[in-house]
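Asks: generate coordinates for the sequence data below:
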Amino acid sequence: QLQLVESGGGLVQPGGSLRLSCAASGFTLDYYAIGWFRQAPGKEREGVSCISFDGGITNYADSVKGRFTISRDNAKNTVYLQMNSLKPEDTAVYYCAALVLVQAMCVMTGYEYDYWGQGTQVTVSS
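Replies: Residues are numbered from 1 along each chain as shown. Next comes the predicted model:
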C-alpha cells in the first residue's frame, strides 16, 4: 500500500520552530518531487514548498521564504520541512504530497500531485 505519513506537528509559541517529516511507505521517493501544502480553517489549500526528486531544486511560497527549509533524505525515504520563526498565520494542517517527476523542477500546484498524506496540525499561539 502506497502511503505518505506526516509527523512533527504540534503547538508552538510565535517565534518557535518545528520540523515536519514526510515518510513514504510502499514505494521509493527516488523518482518523486515532493510538495508541502497547508490549509487553514476557512481558507483554500496553498503550496508552501516543494523539492525536486534529487533535492537539487527547491521552491518556497513568498510567505515562508527565509523561514522554512525543505530537504530530503532519499536513503531514509523521507522529506523534511524545517519551520523557523513561526507566526500565528502559519497555523494550519500541513500535508505532504508526491508527484512522479524525474526532472530538475518541482511544482506547487496541488492538483498535479499523485499521493497525499493525512496531514499534521501546526498551531502557533501564545
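Asks: list the contacts of the residue positioned nearest the centre of the chain.
Replies: For the chain, the residue sitting closest to the mean C-alpha position, by CA atoms, centre = their mean, is Trp36 at 2.5 Å. Contact partners of Trp36, counting by CB atoms under 8 Å, 6 or more residues apart in numbering, are 20, 22, 47-50, 70, 79, 81, 94-97. Heads up, the C-betas are built off the backbone N, CA and C, glycines and all.
Asks: repeat for Cys22
Replies: Cys22 neighbours (CB under 8 Å, 6+ apart): Leu4, Val5, Glu6, Ile34, Trp36, Thr78, Val79, Tyr80, Leu81, Cys96, Gly117.
Asks: avg pLDDT for the helix or strand hosting the fifth one?
Replies: Here Trp36 sits within strand 32-39, counting by DSSP states H and E. Taken as a whole, strand 32-39 carries a mean pLDDT of 97.
Asks: over to stretch 72-90?
Replies: According to the model, stretch 72-90 has a mean pLDDT of 97.
Asks: who's in contact with that stretch?
Replies: Outside stretch 72-90, the residues that reach it (CB under 8 Å, 6+ apart) are 12, 14-25, 28-30, 34, 36, 38, 40, 48-49, 51, 54-55, 63-64, 67-71, 94, 96, 122, 124-125.
Asks: what number of residues lie near Val102?
Replies: Counted by other CB atoms under 10 Å, the residues lying close to Val102 total 11.
Asks: and it, what pLDDT?
Replies: pLDDT, read off for Val102, is 92.
Asks: if we can go back for a sec, can I have the buried ones of the contacts of stretch 72-90 as a PyMOL selection?
Replies: Buried residues among the contacts of stretch 72-90 (16 or more other CB atoms under 10 Å), as a PyMOL selection:
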select buried, resi 12+18+20+21+22+23+24+29+34+36+38+48+49+51+64+68+69+70+94+96+122+124
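Asks: so of the contacts of stretch 72-90, which ones are in strands?
Replies: 12, 18-25, 34, 36, 38, 48-49, 51, 68-71, 94, 96, 122, 124 (DSSP state E).
Asks: run through the bridge partners of the residue nearest to the centre of the chain.
Replies: Per DSSP bridges, the residues bridged to Trp36 are Ser49, Cys96.
Asks: that'll do, ta.
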